[in-house]
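**Student:** please work out how this folds:
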Amino acid sequence: LAIRGDDITVRSYKVESRITSRFAHTTVRSSVVNSGSKAQSIGFNVQIPKRAFITNFTMNVNGIVFVGSVKEKTVARNLYAQARARGKAAGIVRANSQDLETFKTEVHVPPGSNIEFELHYQEMMQRRLGFYEHSLYLQPGRLVPHFQVDVYIFEPQGISMVQTPNTLGSQFSDLIKTTSSKDKAHIVFKPSLQQQKTCENCNSSAIDGAFTVRYDVNRDSNAGELQVSDGHFVQFFAPSSFSPLPKNIVFVIDVSGSMWGVKMKQTVEAMQAILDDLTIDDHFSIIDFNHNVRCWSEDLVAASSIQVADAKKYIQRIKPNGGTNINEALMKAVQILVRASNQGLIDPRSVSMIILVSDGDPTVGEIKLSTIQKNVKRVMREEFSLFSLGIGFDVDYDFLERIAMENRGMAQRIYANHDAAEQLREFYSQVSSPLLRRITIRFPEGSVSDVTQNQFDKYFSGSELVVAGKVLPSDTANLTSFTTASAVTAALLHGVTVSTDSIAMTDGRNNHSFTRPSDSDRLCRRLSLSCFVFQVWKKHPVNVDFLGIYVPNDNQYSPLVHGLIGQFSREPEVRVYDIHEGADPLKNEATMEVKGNKLLVTRGWQKDYRPDKKRGSNVYCWFVHNSGKGFIDGHYTDYIVQNLNSFLQTH
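**Tutor:** This next block holds a predicted model:
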């Protein structure tokens, strides 16, 4: 809250946030007196997070309460202009950075008037880099007798950590008090009049900046949390036990003349650290552009120490000059990724992304922003993402945000100051560890409505996916959710164990264990399979109960998958020859060559249970003897359901 006006006395300045289950309700209050000798306009500016929404606004002027109403932005602009023209008090929110918007209002009052200002806003907390960060922007502009900030946190899951980084200045570090218990925390900042001063005998306030609280919550090993309250639900999903997926990154760096000086210096410094962060499993290239477009490498290359060192030297030699050809640079970046994909050089499990760093509007080549947007969207493939970083305030940030959001990425403004390199590195760290791709969080049919976004392109380490909605009336008191992700599927198909109780998985370096759902159908839906449990006559001398697995043709598994399930994701190459009459004249025999093995096979009728789960239908096929030895991975006993009754139990 910044208070504008001459000859005014600010009696109190209070901010209170109550955070419950990652949802924050913030109230900003201030009491002001027009202590001048004439009437004047007194203004209140509050910086609020861009993702927040205002729920209530009131001003009490000399005992008369004015209640504001929240309007859609285009309507609000018109009403604001009309109110100002008539000399009436009005407030409006205006964007002024990547994270903040400013609520502005003013009121014209006679001398001696008392004004009490109150604003309420709410926001859903976002998890980044392994924690939630709540920031309150304090700008009193003068000394205040009663100054207080309170942040109350209640997390039913339990609070794993709470921090108050020193963002206001070293003189206030000892004045921020934190008390916490298992699931609650209270942070209070209450500097005295003397403690607010810039120096002992000064009359100016040293408080100007963000008051920040960071915290995280306890998580079970399953990484999911589903909360239901008052007919609504919210699902939090933040797994951490997976190894990062390999990355394919094309860095696209603006080196036009406007990047000269601190912007380029900070970009080079950040790129040194970012390149060091790449692993040998990652592939990358660098494009730098002004009026022309140049490539450090026309192809993606593995991030070996030699290649990284060479890329660093290339970055250091850049001398900014000339115009800005964003369109051609982005076309070239996509071309590099497409060529690598077409040549089969990209790991199917990897994540491909373009990271654009720019500080200005296009001035060369295609300069129409809407056309650049269309061009990028047209050539980008579904598996590619574009992240935009806008350096400074002269960049068209809205444009950078639009092309990122349209192409499965996000944008961020980087302030062009001494801290720019750290801002660039911090942004990169948010996207440098992709853990999952193509995530979908589903709920049983007819159980929920008005569901927010439930499909996500990527999940990055340290972040969180959130889905909310309404719970529909139901006979059951429980609400369940099913989360699927292609990277999980691919990993499950790679190796070492499926039992009736759990799935154990090894991805090469790490072991993970998942509790298996209580019925086969739910497990199969997670793995994009069709499953059927077949029961045979209890006294049958040979046959046993078994689980049938069918993999649909449109599966999106990596061609590298194997194991009990993975082996069926691609039809094996089979050659059948030497067909001859068998012991039974109605059943021919032959030799089948598959997976390097030669097997004796017999032609006959078998049951296909996909069209009819109970009776099945007869199909004419080759029958592999010896319990499928040589055709299936492992031994046939690996495929037997050991405890059928417990496996099929229902709730």
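
**Student:** buried sites along stretch 137-154?
**Tutor:** 137-144, 147, 149, 151-153 (16 or more other C-beta atoms under 10 Å). All C-beta spots, glycine's among them, are computed from the backbone N, C-alpha and C.

**Student:** an error on my part: the question was meant for stretch 367-377.
**Tutor:** Result for stretch 367-377 [16+ other C-beta under 10 Å]: buried residues 369, 372, 373, 375, 376.

**Student:** circling back: let me know the closest of the buried residues of stretch 137-154 to residue 472.
**Tutor:** residue 153 (31.0 Å; C-beta to C-beta).

**Student:** sorry, back to before: tell me the least confident of the buried residues of stretch 137-154?
**Tutor:** Minimum pLDDT for these is recorded at residue 141 (84).

**Student:** which residue ranges of this protein form helices?
**Tutor:** 73-85, 193-196, 262-277, 305-316, 326-342, 369-379, 397-405, 420-431, 486-494, 520-526, 563-566, 644-647 (DSSP state H).

**Student:** okay, the angle between the fifth one and helix 397-405?
**Tutor:** Regarding helix 326-342 and helix 397-405, their directions subtend 10 degrees when assessed with axes from the mean of the first three to the mean of the last three C-alpha atoms, to 10 degrees.

**Student:** how far off helix 369-379 does helix 326-342 point, in degrees?
**Tutor:** 0 degrees.

**Student:** now the buried residues of stretch 137-154 in TSV, with distance to residue 55?
**Tutor:** TSV is the format used below for the buried residues of stretch 137-154 (distance: C-beta to C-beta, whole Å):
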residue	distance to residue 55
137	18
138	21
139	22
140	23
141	26
142	28
143	30
144	25
147	24
149	20
151	18
152	17
153	20
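
**Student:** inside strands: which ones of these?
**Tutor:** Among the buried residues of stretch 137-154, the ones falling in strands (DSSP state E) are 137, 138, 147, 149, 151, 152, 153.

**Student:** pretty sure the fourth one is touching residue 213, no?
**Tutor:** Pointing back at residue 149 there. No. The pair residue 149 / residue 213 is not scored as a contact, 9.7 Å apart, by C-beta atoms under 8 Å.

**Student:** what do the two both touch?
**Tutor:** residue 187 (C-beta atoms under 8 Å, 6 or more residues apart in numbering).

**Student:** and the end-to-end length of stretch 576-585?
**Tutor:** 19 Å (C-alpha to C-alpha, to the nearest Å).

**Student:** what do you get for stretch 572-586?
**Tutor:** 27 Å.

**Student:** report the central residue of the chain.
**Tutor:** With distances taken as C-alpha atoms, centre = their mean, the residue of the chain nearest its centroid is residue 459 (5.1 Å).

**Student:** just give the closest residue to that one, not the sequence neighbours.
**Tutor:** residue 436 (4.1 Å; C-beta to C-beta, 6 or more residues apart in numbering).

**Student:** that neighbour and residue 483, how far apart?
**Tutor:** 9 Å (C-beta to C-beta, to the nearest Å).

**Student:** looking at these two, which is more packed in?
**Tutor:** When residue 436 and residue 483 are compared for neighbours, residue 436 comes out ahead with 25 against 20, by other C-beta atoms under 10 Å.

**Student:** pretty sure the more buried one sits against residue 457.
**Tutor:** No. If you go by C-beta under 8 Å, residue 436 and residue 457 don't touch, sitting 9.8 Å apart.

**Student:** chain neighbours aside, what residue packs nearest to residue 169?
**Tutor:** Nearest non-adjacent residue to residue 169 (C-beta to C-beta, 6+ apart): residue 206, at 6.3 Å.

**Student:** tell me the phi and psi of that neighbour?
**Tutor:** phi -90, psi 0 (degrees, to the nearest 10).

**Student:** now it: how far from residue 195?
**Tutor:** 9 Å.

**Student:** who touches both of these two?
**Tutor:** Going by C-beta under 8 Å, 6+ apart, residues that sit against residue 206 and also against residue 195 are 171, 172.

**Student:** so those two - more neighbours on which side?
**Tutor:** For residue 206 and residue 195, the more surrounded residue by other C-beta under 10 Å is residue 206, and the numbers stand at 17 against 14.

**Student:** tell me the contacts of residue 152?
**Tutor:** Here residue 152 is in contact with 16, 17, 18, 19, 184, 185, 186 (C-beta under 8 Å, 6+ apart).

**Student:** low-confidence regions, the stretch 401-550 of the chain specifically.
**Tutor:** 418, 477, 486-550 (pLDDT under 70).

**Student:** which parts of it are strands?
**Tutor:** 411-414, 434-442, 448-449, 455-460, 465-471, 482-485, 502-506, 511-515, 530-534, 546-550 (DSSP state E, counting those that start in this stretch).

**Student:** quick check on residue 139: phi, psi?
**Tutor:** phi -140, psi 70.

**Student:** before we move on, back to that, just put the contacts of residue 152 in a markdown table and tack on distance to residue 428.
**Tutor:** Formatted as a markdown table, the contacts of residue 152 follow (distance: C-beta to C-beta, whole Å):
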| residue | distance to residue 428 |
| --- | --- |
| 16 | 35 |
| 17 | 29 |
| 18 | 33 |
| 19 | 28 |
| 184 | 34 |
| 185 | 30 |
| 186 | 34 |
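
**Student:** any idea which of these has the most stuff around it?
**Tutor:** That'd be residue 17 among the contacts of residue 152, by other C-beta under 10 Å, with 23 neighbours.

**Student:** so what are the domain limits for the protein?
**Tutor:** 8-217, 225-242+436-503+514-529, 247-432, 531-650 (the TED database).
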